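A.B. asks: Next come a sequence and a model predicted from it.
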Amino acid sequence: MGTGAGGPEADPIVVVDWDPAWPHAFQELAEPLRRATQGLGAKVEHVGSTAVDGLAAKPIIDIDVVLRSPASIPEAIARLGRLGYRHQGDHGIPGREAFAWPPWAKRHHLYLVVAGSEPHLNHIAFRDHLRSHPEDAAAYAALKRHLAHSFRHHRAAYTEGKSAFVRGILGA
């Protein structure tokens, strides 16, 4: 987890009811990403809890820019940099490059992944599972609300608290 243009890492963790504006917010953020990565064979995917209709979430859009080839990573990093994204490395997850959001954008999480890589497959599998299993989505929402209440100012503990649930869904 890093900071973007918008604020410190110590921001309190808040989980809110699903907002029907989130898909539109994703589209607004995705359009400049699509233009910037045009010609690289990239797709821009809405991932994370805000991509699951009805799921309570932190009101932060998660986006994957999915490349066909690892050879495109340096060029994609450069192009995203020209949009104002600041590359932050992999944050300990090999195969997933993280970026801080630029000053022009609402707070969001942006990741660069290669199609078929473990981080890409995990993001898509978890999102799609929650979309098709409302009972698991409800359990995940309840867990996130509990963790947000318990660890409002401790992001690492909040994230760790979700890990076992995520691993269980992914079969890891």
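C.D. replies: Looks like it came in fine. Bear in mind the structure is a predicted one, so any value in this text is a computation, not a measurement.
A.B. asks: Just read off the phi/psi values of K43.
C.D. replies: Note on K43: backbone dihedrals following degrees, to the nearest 10 are phi -120, psi 150.
A.B. asks: What is the neighbour count of it?
C.D. replies: 15 (other C-beta atoms under 10 Å). No exception for glycine: its C-beta is placed from N, CA and C like everyone else's.
A.B. asks: For it, which non-adjacent residue is spatially closest?
C.D. replies: Leaving out its chain neighbours, the residue that sits closest to K43 by C-beta to C-beta, 6 or more residues apart in numbering is V66, at 4.5 Å.
A.B. asks: so what secondary structure elements neighbour the one helix or strand the one you found maps to?
C.D. replies: Taking DSSP states H and E as the criterion, V66 maps to strand 61-67. On a contact count with 3 or more C-beta pairs under 8 Å, 6 or more residues apart in numbering; DSSP states H and E, strand 61-67 meets helix 22-36, strand 43-47, helix 73-82, strand 108-114, helix 118-132.
A.B. asks: Would you tell me which one of those is buried the most?
C.D. replies: Highest mean neighbour count among these (mean count of other C-beta atoms under 10 Å): strand 108-114, with a mean of 23.
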